[in-house]
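**Student:** Take a look and give me a structure for this.
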Amino acid sequence: MPAVPRAHRARVLPALLGLLGGVLVGGPSATADDHALTAAAAEANEAYSWKNVRIDGGGFVPGIVFNRSERDLAYARTDIGGAYRWQESTASWKPLLDSVGWDDWGHTGVVSLASDAVDPDRVYAAVGTYTNDWDPGNGAVLRSADRGETWRKADLPFKLGGNMPGRGMGERLAVDPHDNDVLYLGAPSGKGLWRSTDAGATWRQVTNFPNPGNFQQDPSDTSGYNSDNQGIVWVTFDESTGSGGTRTRTLYVGVADKANSVYRSTDGGGSWSRVAGQPTGLLAHKGVLDAENGYLYLAYSDRAGPYDGGKGQVWRYATRTGEWRNISPVAEADTHYGFSGLTVDRQRPGTVMVTGYSSWYPDTQIFRTRDSGANWSPAWRYASYPARENRYTMDISSVPWLSWGASPAPPEQSPKLGWMTEALEIDPFDSDRMMYGTGATVYGTENLTRWDEPGGKFTLRPMVKGLEETAVNDLAAPPSGAPLLSALGDIGGFRHTDLTKVPPLMYTSPNFTSTTSLDYAAARPSTVIRAGNADAAPRVAFSTDNGAHWTGGQEPSGVTGGGTVAAAADGSRFVWSPEGAGVHTATGPGSSWTAAKGIPRGAVVEADRVDPKVFYGFTSGTFYVSSDGGLSFTAKASAGLPAEGPVKFQAVPGRKGDLWLAGGKAGGTYGLWRSTDGGTSFTKVGGVQEADTIGFGKAAPGASYQALYTSARIGGVRGIFRSTDAGATWVRVNDSRHQWGWTGAAITGDPRIYGRVYVATNGRGIVYGDTAGR
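**Tutor:** Next up is the predicted model:
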């Protein structure tokens, strides 16, 4: 499995999924597959209700789009977690792409959104996560006539990169503001500019567009992630050059080419030319046109972002006279960042805002002008270094973990104004409302114009409720204490004492950028261990109060990453299989570690849930057992177990030596196995074609064996399944509207509530289901 970059940290995703069905592989056009996005998915066998465990945010939001003709209609896109629609009545976001299934997991990455100003019920999403081979399928344009409640799909003959470098540029997808059957899409990878004339049902390349782009973040990157051509990055219509239902005559296109970044058509896309006199040497991240005063504003950076960018400029192009003017808020020589987030106030022509998106230290920066760029004011400035003077106040009481528990030295502050701030939008109907995305949340204000008052300050708050974007690596549901413990990418993880409330703070002391594994002692659930990725030691931590407080442990030499951990049933011992070093065991809170014998480096480790001396391991098709607390392991006869692909296994609580193992590789050995003799032998579970996770929950009424849960393909159908009879029969508990893309990282039932299941997603947070009516 490749390490898949996501937000500003690494994430793991499988490269074992098959090609998307019905995807075109070449030719000059792309056609709709003429069916609803969810049509191929079978319905649930049992009705369940689904919710998110509330975290609120947790990932990069690279795009926010307001509809230009209807108040309060807005959308947000994420890099791997789908798209959302703003719900004004609840001040929250509604997920729109939960119907994306396992085989199409790449379509949870949204590289662009477009909301139709002529018919506000129409919305479009350009989807696809990677343009290299990490995503086996091509991209698509999804279209909806009911604001994203349901979708139809037009497959494309190329890939799209919702989680690729440059994903904060845009928008690449645009609807003609007069003839709304016309759309344009800027493609990556040298595929050029594409157009639809039937409201997104079919697409054809604009073959006379002269420049497919040439910028690569790192041409030497053999993975294809940083070496892909960024391509066409934004499309902007000049609405003043059309009327009624006639096609808009003038439109501008941004190209990832430092020498030739802006092109124009004045005949409705019939012909194209490079705009004369434009600046060179930088990339135009955004092009936003204020048709009222005839200015096209452009935000430039020397890099594609969203993490990097060391220089930048802001320019203004007068569409009526052809004059270019550098209106940068700060001289390029004084920047250490690029510009990207860009918006205009539609109620107040000449009011423009732009972000220094790649300013990580001490903070991001936002600039505002009310005179079309002649004069600017920053969101913060130095009073007397390192003291800062802010034009804003921040209230994070609704999402308190955004402080990260930090108390940095000035000029840094906690909470930060943000980072990776490439999405910035003023509400076109309300000059006081503004939203912007960061690498962790969406911030917003409803009193923005206080910025313009002498001594005035506007208030920023998270506007992210309902937008759940964490990538989940592991889950644990102890029988007592908090109902759920999570291991998350980018923000570490949480102790969830109330699933309906945002936790106050992620795990700290130490903080991990990503927690890779956690476990509790089965007979003593107050004892918990977690491991994760960090820039330096410690990468393992221990808790004696069910995860409320933590102490960092020592680590053996050579450790580079978290790996997997296991806690003995009574909490007396721990086994750790970290990245960069072999399997080790320790007594107590990891004060010292002893290398285990007989088990290879990189094995996945788990603990027996009854016998505190028994630990298990698995790697490369072989199962290992230790009966001396992890000091030594013995390989067992493992014929028939998967030698390739990711594998996860668990021991059943309360039953010594009762094990379930899930995993494998498509096209090879793949499925679900059970051992009742401590791993000495395994039996494949019939009827389960593929399985990737296994977890346990409270037994059904009248049953003695714990309920089983798995993300699997059973009876030819992919879904979340439950068994109440030790795997003899299975019931699918999710449905076609609740699939969440890839769900192969972790699953667990609830030991206290029958039927409840927690599902790990890769970008849609933690979802949990209950039997209907509970």
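
**Student:** and stretch 596-603, how far apart are its ends?
**Tutor:** End-to-end distance of stretch 596-603: 11 Å, with Cα to Cα, to the nearest Å as the criterion.

**Student:** Touching that stretch from outside, list them.
**Tutor:** Stretch 596-603 is contacted by residues 563, 575, 577, 579, 581-585, 617-620, 624, 626, 630-635 when judged by Cβ atoms under 8 Å, 6 or more residues apart in numbering. Any C-beta I mention is one placed from the backbone N, CA and C, and that applies to glycine too.

**Student:** Just the buried residues of it, please?
**Tutor:** Neighbour-count burial for stretch 596-603, counted by 16 or more other Cβ atoms under 10 Å, picks out 596, 599, 602-603.

**Student:** can you name the two of the residues you listed that are farthest apart?
**Tutor:** A596 and G602 (12.5 Å; Cβ to Cβ).

**Student:** Mind checking which of the contacts of stretch 596-603 are buried?
**Tutor:** Neighbour counting by 16+ other Cβ under 10 Å classes 563, 575, 577, 579, 581-585, 617-619, 624, 626, 630-631, 633 among those as buried.

**Student:** which parts of stretch 680-689 are buried?
**Tutor:** So for stretch 680-689, counting by 16+ other Cβ under 10 Å, buried means 681-682, 685, 688-689.

**Student:** Compile those into JSON lines and extend it with columns for pLDDT.
**Tutor:** Converted to JSON lines, the buried residues of stretch 680-689 look like this (pLDDT from 0 to 100):
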{"residue": "S681", "pLDDT": "96"}
{"residue": "F682", "pLDDT": "97"}
{"residue": "V685", "pLDDT": "97"}
{"residue": "V688", "pLDDT": "98"}
{"residue": "Q689", "pLDDT": "97"}
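
**Student:** Quick check: strands, which of the residues you listed are part of them?
**Tutor:** Those of the buried residues of stretch 680-689 mapping onto strands are 688-689, per DSSP state E.

**Student:** Out of the buried residues of stretch 680-689, which is nearest to G270?
**Tutor:** Proximity of these to G270 (Cβ to Cβ) peaks at Q689, which lies at 51.9 Å.

**Student:** how close does that closest one get to N734?
**Tutor:** 17 Å (Cβ to Cβ, to the nearest Å).

**Student:** what's the answer for G630, then?
**Tutor:** Counting by Cβ to Cβ - G630 and N734 are separated by 36 Å.

**Student:** Quick one: residues contacting the nearest residue to S407 once chain neighbours are set aside.
**Tutor:** In space, and not counting its chain neighbours, S407 is closest to S414: 6.4 Å by Cβ to Cβ, 6 or more residues apart in numbering. S414 makes contact with 403-404, 406-408, according to Cβ under 8 Å, 6+ apart.

**Student:** and with 6 Å instead?
**Tutor:** Listed by Cβ atoms under 6 Å, 6 or more residues apart in numbering, the contact set of S414 reads 403, 406, 408.

**Student:** give me the beta-bridge partners of P95?
**Tutor:** Y84 (DSSP bridges).

**Student:** all strands of the stretch 51-200 of the chain, in order?
**Tutor:** Listed in chain order, the strands of the stretch 51-200 of the chain (DSSP state E, counting those that start in this stretch) span residues 63-66, 74-77, 83-87, 92-95, 110-115, 123-127, 140-144, 152-155, 173-175, 183-186, 193-196.

**Student:** What pLDDT is listed against A772?
**Tutor:** Looking at A772, its pLDDT reads 86.

**Student:** What is the burial count for it?
**Tutor:** Residues within reach of A772, counting by other Cβ atoms under 10 Å, total 12.

**Student:** E46 is in contact with that one, correct?
**Tutor:** No: using Cβ atoms under 6 Å, A772 is not in contact with E46, being 7.8 Å away.

**Student:** quick check: longest strand of the protein.
**Tutor:** strand 524-533.

**Student:** Contacts for it, please.
**Tutor:** Here strand 524-533 makes contact (Cβ under 6 Å, 6+ apart) with 478-481, 512-521, 539-547, 561-563, 565, 567, 570-571, 574.

**Student:** of those, buried ones?
**Tutor:** 478, 481, 512-521, 539-543, 546-547, 561-563, 565, 567, 571, 574.

**Student:** Note down every partner strand of the helix or strand hosting S49 and its orientation.
**Tutor:** Take DSSP states H and E as the rule and S49 turns out to sit in strand 48-52. Strand 48-52 pairs in its sheet with strand 766-771 (antiparallel), by DSSP bridges.

**Student:** picking up where we left off before, figure out how far the strand holding S49 is from the centre of its chain.
**Tutor:** Centroid separation for strand 48-52 versus its chain: 20 Å, with Cα atoms, centre = their mean, to the nearest Å.

**Student:** One more: stretch 726-746?
**Tutor:** 21 Å.

**Student:** Same question for that stretch: list its buried residues.
**Tutor:** Of the residues in stretch 726-746, 726-727, 730, 732-736, 738-746 count as buried by neighbour count, 16+ other Cβ under 10 Å.

**Student:** try stretch 338-348
**Tutor:** Using 16+ other Cβ under 10 Å as the test for burial, stretch 338-348 gives 338-346.
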